[in-house]
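Participant: Provide a 3D model corresponding to the input given below.
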Amino acid sequence: MATQWQTFPIQFSGGLISNLSPLQHGMTAIGSASILQNFEPTLDGGYKKVSGYQKLADAAVTGTGAVQGLAIVPESGVEKAIAVRNGIYYEINANDATPAWASLGTAPDTNISKIRKENYTFTGTQKIVFVDGINYPAYYDVTAGSLTYLTGSGTGNTAVENASFAILYKSTLFFAVDTELVFTAPYADTDFNPANGAGSINVASTITGMAVYRNSLVVFCTDKIVQITGSSAADFSLSTVTDDIGCLEPDTIQEVGGDVMFLAPDGVRTLSSTERIGDFGLDVTSKNIRPTLNKQRATSTSFASYVIREKAQYRLFSYASTERANVAKGVLATKFIDQGGQGFQWAELKGYKVYVCDSLLVDDNELIYAANEDGYVYRHEVGSNRDSGKIDAIFESAYMPISDPQVRKTFYKLDLYLKPEGAFTCDASIKLDRNDANIIQPAAFTIAGTGGGAVFGSTESIFGTSLYSSPNDETYKNNLIGSGKTVALRIEDNSANASFTLDTAILEFTTEDRQ
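Facilitator: A predicted model of the protein is given here:
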């Protein structure tokens, strides 16, 4: 009988996989996860415990029900936001000594479900246009800090009443009204007079969202995707991208690292360029998490999404008004290749309840705001807790046979290589033979660390901030005893402690006789 110890390295990579059988998963995707909750696959390697969120201000937006719309104001030097609740627009400056929501105005018809927006500038003045599917568009002037509604008195204005989406394309604002694309005259955000270059295009299907991609305006419909090319009313032309696939949820459309992601009937797809000029690829990127995503879709009433640009990451949140915030679900995907849908690694989010959200670069600082029905606006990607609540982060691998799924192994040691960002604790354990109750399962053990020290000369060593140094690798050696044919590794941290990254694990074991 062989008694020599062997090593089995596990590099944490591959993300969440929930569409494979346990044995197939353990044999083909070592380092991926069967549970990856509140850990994010990172571009630097490994799985990092996600950051938390905090209230933008202690004051809630006045009113009841869900916050219907949310926008980050692109104003240098301050953190300003606009939130809409019960049809009333409010603004807040989070840098004020005592931040408070101030009313900007009320929609003519307040029976609104969700409000969407587009940022633009034509004359050097930053503006935001809001549409709600019922009223005329509302325009916010960043410099003046004022909100005005379009009226039906201007020539062609009535064409944009009930607009649900707005986007800037080739110095022109496009508005989606049911099956119609209505566009302004060039460099004129409120001029809908055809004599001045405004016009409309009918796409013959209900529009569910828009995105500018390369030199095209991509228009998503319930059952197809089309594109607009050209630079003005004189040469705008309509062509079909696909007649087979549409976008079901408007607020899932985001550009991530050169691809446009959206929720289609068969999962999250990417719209990307191919080697053929003018052609597109439409890969399904969520195959690995199909059961996870389907479960979330079955219980949600709407979706919201945002991107984290510095992480090349897409986050998709399912929303149900009756669901408690600490159990609200979502998914995230980190993009590892330049083009196409195959280079994404996924994870699941828990405790992030989002109905509306926005992300924007202001002064090279990426701001991410979100809100739900509690009336508060939260800034995401800050701190190590969920507004003082714990973050429940879990990694569990597949059940790995290591070599032969019919041969028993005895496990003696587990070494974990982690990158802590401060003091932390987590629980680790191994599970044998699919956690068989007839097998003695090794007890879990606690890992605790204080984080790395400062590295003199490091570009990340910043005195007086929460990030005092680049994280150091730390090794945590643990003795254990257990015997089984397959083994899974589980690491869990349900705390508000500092984040850490799972880098590598090494199991030491011996191979026993075949039974």
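Participant: mind listing what A428 touches?
Facilitator: Under the criterion of C-beta atoms under 8 Å, 6 or more residues apart in numbering, the neighbours of A428 are L414, L416, A444, F445, T446, I447, N478, L489, R490, I491, E492. To be clear about C-beta, it is placed using only N, CA and C from the backbone, and glycine gets the same treatment.
Participant: What is the neighbour count of the third one?
Facilitator: Here the neighbour count serves as a burial measure; for A444 (other C-beta atoms under 10 Å) it reads 14.
Participant: Nearest spatial neighbour of L489, chain-adjacent residues omitted?
Facilitator: Using C-beta to C-beta, 6 or more residues apart in numbering and skipping residues adjacent in sequence, the residue nearest L489 is S397, 4.6 Å away.
Participant: that older thread, any chance of the contacts of A428 in TSV, with distance to I308, pLDDT and secondary structure too?
Facilitator: Formatted as TSV, the entries for the contacts of A428 read as follows, by distance: C-beta to C-beta, whole Å; pLDDT from 0 to 100; DSSP: H, G, I helix; E, B strand; the rest coil:
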residue	distance to I308	pLDDT	secondary structure
L414	32	96	strand
L416	26	96	strand
A444	32	93	coil
F445	33	92	strand
T446	31	94	strand
I447	27	94	strand
N478	33	93	strand
L489	27	97	strand
R490	27	97	strand
I491	23	98	strand
E492	24	98	strand
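Participant: With distance to A144 as new columns, can these be given to me in JSON lines?
Facilitator: What follows is the contacts of A428, written out as JSON lines (distance: C-beta to C-beta, whole Å):
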{"residue": "L414", "distance to A144": "61"}
{"residue": "L416", "distance to A144": "56"}
{"residue": "A444", "distance to A144": "59"}
{"residue": "F445", "distance to A144": "61"}
{"residue": "T446", "distance to A144": "57"}
{"residue": "I447", "distance to A144": "55"}
{"residue": "N478", "distance to A144": "62"}
{"residue": "L489", "distance to A144": "57"}
{"residue": "R490", "distance to A144": "55"}
{"residue": "I491", "distance to A144": "52"}
{"residue": "E492", "distance to A144": "51"}
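Participant: Please pull out the lowest mean pLDDT helix or strand from the chain.
Facilitator: strand 280-284 (a mean of 84; mean pLDDT, DSSP states H and E).
Participant: Let me see the ranges of the helices in this structure.
Facilitator: Assigned by DSSP state H, the helices in the chain fall at 22-28, 290-299.
Participant: Quick check, pLDDT for the residue most central in space within the chain.
Facilitator: For the chain, the residue nearest the mean C-alpha position is R315 (1.0 Å; C-alpha atoms, centre = their mean). R315 carries a pLDDT score of 98 in this model.
Participant: Same check on D244?
Facilitator: In the predicted model, D244 carries a pLDDT score of 90.
Participant: Check the gap between the closest residue to it other than its chain neighbours and V218 for me.
Facilitator: Closest residue to D244 in three dimensions, ignoring its sequence neighbours and counting by C-beta to C-beta, 6+ apart: K224, at 7.4 Å. Look at K224 and V218: by C-beta to C-beta, to the nearest Å, they are 11 Å apart.
Participant: Which neighbours do these two have in common?
Facilitator: Taking C-beta under 8 Å, 6+ apart as the contact definition, K224 and V218 share the neighbouring residues V241.
Participant: Could you count how many residues lie near S113?
Facilitator: Under the neighbour criterion other C-beta under 10 Å, S113 is assigned a count of 11.
Participant: Who are the contact partners of N157?
Facilitator: By C-beta under 8 Å, 6+ apart, the neighbours of N157 are Y136, L150, T151, T190, F192.
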